[in-house]
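Colleague: What shape does this take:
(chains A and B)
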Amino acid sequence: MKKSIPTRIVSAVLMVLISVSVLFPLAWMAISGFKGKTEVLRTPFQFFPDMWNFDNYIQIAADPEFSRAMIITFVGAVIFTAFSLAINSAAAYAFARLDFAGKRFWFAVCITPMFIPMMAILLTSFMVVSQLGMLNTMAVLIIPGLASAAQMFFLRQFYLNFPVAIEEAALIDGASRWQIFTRIFLPQSVAPFVVMGLTAYMAYWNAYVWPILTITDPSLTQIMQFLGNFRSDRGNDWGLLMAGSMLAAIPTIVLVLIFQRFIVNGVRISGIK
Amino acid sequence: MIAPMVILLGIFVFWPLGNSVYLSLFKINFYQGSQFVGLQFYQYVLTEPRFWKSLWVGLYYAILTVPAGLIIALLLASFIKTLSKTAAAFMKTTVYVPAVVSTVVASVLFTFMYQDQGVVNWFLSLLNSGPIAWLNDPETALPAIAVPGLWLGFGITTLIMLAGLLDIPDSYYESADLDGAGYFKQTWYITIPLLKNVFLYLIVTGFSLSFQMIDLPLVMTKGGPVDATTTPNLYMFQTFTDMTPYATSFSLTAALLLFVVLGLISLGIFRLVNSDKAVDA
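Modeller: Below is the predicted model of the structure:
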């Protein structure tokens, strides 16, 4: 059914209106980064800068604390994503395909954390990692969050929907469970891994409260921590802050744009209705 | 195979949880060793007005963000459903992008936008309305924070809503058309009842998440003018990082009480929305 012209025009107009309003704050952040110190917040108000200069962007990118934070957060995020996918997919596979004593019990154990609010364990988790001597290390940012009930649940849903026939053939051929997992399931897991991987990456990159509590060493400051502390450390240099925030947001935005196909279909992939 | 996960969860989730409950019964003193005081801290927390105020703030914030978020998501999802494949893909991505930007970036950005000479007040001036000190006025501070909260949230909500909408067979709408039902009747009688499961999921998770919001007020207002934006988690964070003695016990107890409150409210919502019809699989 071809849509009539007026309908298409209304659709197009709506699309533009929605996109503009939704993306406006981000655009504003980008534009403000181009303004000089005196232009950023001045009366009378001016939308666009007099002169588009890159000073803020260059200055923040050259700032050693900022770039260090970006790099170290990136390294941490990659390690975190890799390990978390490995651990959670192993558990997901086990729960989806294997049978063992106490399976139901352990599954309940692994799912329950999803319902525990962060605060109930935040404070005592802090005490735990403090006693383990993990404060001010990369480990404290990576290890505690690795086991994710939500991620495991999602992956398990996906594995449950996997056709059993291939596995049975492999079993007959004498493959071990572990081999089946690594050689058959894993290669097929691209789509859910992308979705969950992105989620994990973003969770690490965007983390704020935990880094604030556990990291006081300036050489390990995470990027969001840096931005959050910016105004108290350096005063209200808004242009610089906007430029920095833009640069901090760009990696995740780019990743989303690249993998958007997987994300928007993510709800389907798991078969959860 | 499940060993790594179980061990990690054991150390970093269950042990702290159990320890929380255990320690909340003690007067924690890092210098002299803790002293068992039973339920005394529970009493302190429950009689502290700031605790109740934070619960109220959390509730208010949830009321500001969850229903509006659902309505926006439903409208956006309905619109996207009508688009062609490429247009839909574009819109889905556009709507999802804000969700990806972190809470900190959103906080910093909106704080900037809410400045006296900032963009938001500029828009107001176009409407001949005076500048408002958004984050400094106790009346406007929490709604002001709710805006980035909404902005960050509606991406994923819309996607889930869209998936739910696409599950409704077109034939329902077609027969309704034949019977002469207009758009609103169709939405009321077909769309909304069939989206019940989706709504339920979104309301419960939405409420749970918004009630626990801490990043936005922490970065934007530090608890806001006169505690106007001190959400429950923020309150606990503040008491935990407080240097006064016994603050630790206090915050632990508060956290556990919050756990209970949240659980009760979520259960309540679940029962409420689920009351009449059985939940279809």
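Colleague: rest of the way, CA atoms for contacts and neighbours
Modeller: Will do.
Colleague: What residues does A:Phe259 make contact with?
Modeller: A:Phe259 makes contact with A:Val194 under the criterion CA atoms under 8 Å, 6 or more residues apart in numbering or on different chains.
Colleague: now it: how far from A:Thr199?
Modeller: For A:Phe259, the distance to A:Thr199 equals 12 Å [CA to CA, to the nearest Å].
Colleague: do the same with A:Ser19
Modeller: 23 Å.
Colleague: do the same with B:Ile156
Modeller: From B:Ile156 to A:Thr199 the distance is 12 Å (CA to CA).
Colleague: Distance check, the closest residue to B:Leu59 other than its chain neighbours against B:Leu159.
Modeller: Using CA to CA, 6 or more residues apart in numbering or on different chains and skipping the chain neighbours, the partner closest in space to B:Leu59 is B:Phe211 (6.4 Å). Counting by CA to CA, the gap from B:Phe211 to B:Leu159 is 22 Å.
Colleague: can you dump the C-alpha coordinates of stretch B:145-159 into CSV?
Modeller: Extracted as CSV, the C-alpha positions of stretch B:145-159 are listed here (Å, rounded to 0.1, in the frame of the first residue of the first chain):
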residue,chain,number,x,y,z
ILE,B,145,16.8,16.9,36.8
ALA,B,146,13.9,14.8,35.6
VAL,B,147,14.4,16.1,32.0
PRO,B,148,17.8,14.6,31.4
GLY,B,149,16.5,11.5,33.2
LEU,B,150,13.7,11.3,30.7
TRP,B,151,16.1,12.1,27.8
LEU,B,152,18.4,9.3,28.7
GLY,B,153,15.7,6.8,29.3
PHE,B,154,13.3,6.9,26.4
GLY,B,155,15.7,5.3,23.9
ILE,B,156,15.6,1.8,25.2
THR,B,157,12.0,2.1,26.3
THR,B,158,10.9,3.1,22.8
LEU,B,159,12.8,0.1,21.3
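Colleague: Sort out which residues of that stretch are buried, please.
Modeller: B:145-146, B:148-159 (16 or more other CA atoms under 10 Å in any protein chain shown).
Colleague: Give me the subset of those lying in helices.
Modeller: The members of the buried residues of stretch B:145-159 that map onto helices under DSSP state H are B:145-146, B:148-159.
Colleague: Double-check B:Ser210 against B:Val57; I have them as touching.
Modeller: No: B:Ser210 lies out of contact with B:Val57 (CA atoms under 8 Å); the separation is 10.8 Å.
Colleague: More neighbours: these two, which one.
Modeller: B:Ser210 (23 against 20; other CA atoms under 10 Å in any protein chain shown).
Colleague: count of neighbours near A:Ala108?
Modeller: Residues near A:Ala108, counting by other CA under 10 Å: 11.
Colleague: Remind me what the helix or strand encompassing it packs against, helices and strands.
Modeller: If you go by DSSP states H and E, A:Ala108 is part of helix A:103-111. Packing contacts for helix A:103-111, counted by 3 or more CA pairs under 8 Å, 6 or more residues apart in numbering or on different chains; DSSP states H and E, involve helix A:149-160, helix B:3-9.
Colleague: mean pLDDT lowest for which of those helices?
Modeller: Least confidently modelled of the helices and strands packed on helix A:103-111 is helix B:3-9, at a mean of 69 by mean pLDDT.
Colleague: Point to the residue nearest the middle of chain B.
Modeller: Centroid-nearest residue in chain B, with CA atoms, centre = their mean: B:Ser210, separated by 1.2 Å.
Colleague: Within the helices and strands, which one has residue 233?
Modeller: Because you didn't say which chain, this covers chain A. Per DSSP H and E: helix A:223-234 holds A:Asp233.
Colleague: actually chain B
Modeller: Per DSSP H and E: helix B:232-240 holds B:Asn233.
Colleague: Send me that helix as PDB with only the CA atoms.
Modeller: Below are the C-alpha coordinates for helix B:232-240, written out as PDB (Å, rounded to 0.1, in the frame of the first residue of the first chain):
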ATOM      1  CA  PRO B 232      17.400   7.900  48.400                       C
ATOM      2  CA  ASN B 233      20.700   6.500  47.000                       C
ATOM      3  CA  LEU B 234      22.300   9.900  47.000                       C
ATOM      4  CA  TYR B 235      21.300  10.300  50.700                       C
ATOM      5  CA  MET B 236      23.000   7.100  51.500                       C
ATOM      6  CA  PHE B 237      26.000   7.900  49.500                       C
ATOM      7  CA  GLN B 238      26.300  11.200  51.400                       C
ATOM      8  CA  THR B 239      26.000   9.600  54.700                       C
ATOM      9  CA  PHE B 240      28.400   6.900  53.800                       C
END
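Colleague: and the next helix or strand along the chain from that helix, what other elements does it pack with?
Modeller: Per DSSP H and E, the first helix or strand lying C-terminal to helix B:232-240 is helix B:247-274. If you count contacts as 3+ CA pairs under 8 Å, 6+ apart, helix B:247-274 packs onto helix A:118-131, helix B:15-23, helix B:40-46, helix B:196-211, helix B:232-240.
Colleague: change it to 6 Å
Modeller: helix A:118-131, helix B:232-240 (3 or more CA pairs under 6 Å, 6 or more residues apart in numbering or on different chains; DSSP states H and E).
Colleague: What angle do helix B:196-211 and that helix make with each other?
Modeller: Relative orientation of helix B:247-274 versus helix B:196-211 (axes from the mean of the first three to the mean of the last three CA atoms, to 10 degrees): 160 degrees.
Colleague: between helix B:247-274 and helix A:118-131, how big is the angle?
Modeller: Going by the same axes, to 10 degrees, helix B:247-274 makes 150 degrees with helix A:118-131.
Colleague: List the buried residues of helix B:247-274.
Modeller: Counting neighbours by 16+ other CA under 10 Å, helix B:247-274 gives B:247-259, B:262-263, B:266, B:269 as buried.
Colleague: Then stretch A:105-115?
Modeller: In stretch A:105-115, counting by 16+ other CA under 10 Å, buried: A:107, A:110-111, A:113.
Colleague: re the thing from before, now the residue nearest to the centre of chain B: closest residue in space that isn't a chain neighbour?
Modeller: Nearest to B:Ser210 is B:Ala62, by CA to CA, 6+ apart, at 5.3 Å.
Colleague: Count the neighbours of that neighbour for me.
Modeller: 22.
Colleague: buried stuff in stretch A:181-195?
Modeller: A:181, A:185-186, A:191-195.
Colleague: Save these as TSV, and put in distance to chain B, pLDDT and secondary structure too.
Modeller: Compiled in TSV, the buried residues of stretch A:181-195 are given as follows (distance: CA to the nearest CA, whole Å; pLDDT from 0 to 100; DSSP: H, G, I helix; E, B strand; the rest coil):
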residue	distance to chain B	pLDDT	secondary structure
A:Phe181	10	74	helix
A:Phe185	14	77	helix
A:Leu186	14	78	helix
A:Ala191	17	81	helix
A:Pro192	16	83	helix
A:Phe193	17	87	helix
A:Val194	15	87	helix
A:Val195	13	85	helix
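Colleague: distance of the residue in the stretch 101-250 of chain B that chain A sits nearest to from B:Ala254?
Modeller: Taking CA to the nearest CA, chain A has its nearest neighbour within the stretch 101-250 of chain B at B:Ser102, 5.1 Å off. To B:Ala254, B:Ser102 is 27 Å away according to CA to CA.
Colleague: now do A:Ile9
Modeller: Taken as CA to CA, the span from A:Ile9 to B:Ala254 is 54 Å.
Colleague: circling back to that earlier point, shared neighbours of A:Phe259 and A:Thr199, anything?
Modeller: With CA atoms under 6 Å, 6 or more residues apart in numbering or on different chains applied, the contact sets of A:Phe259 and A:Thr199 do not overlap.
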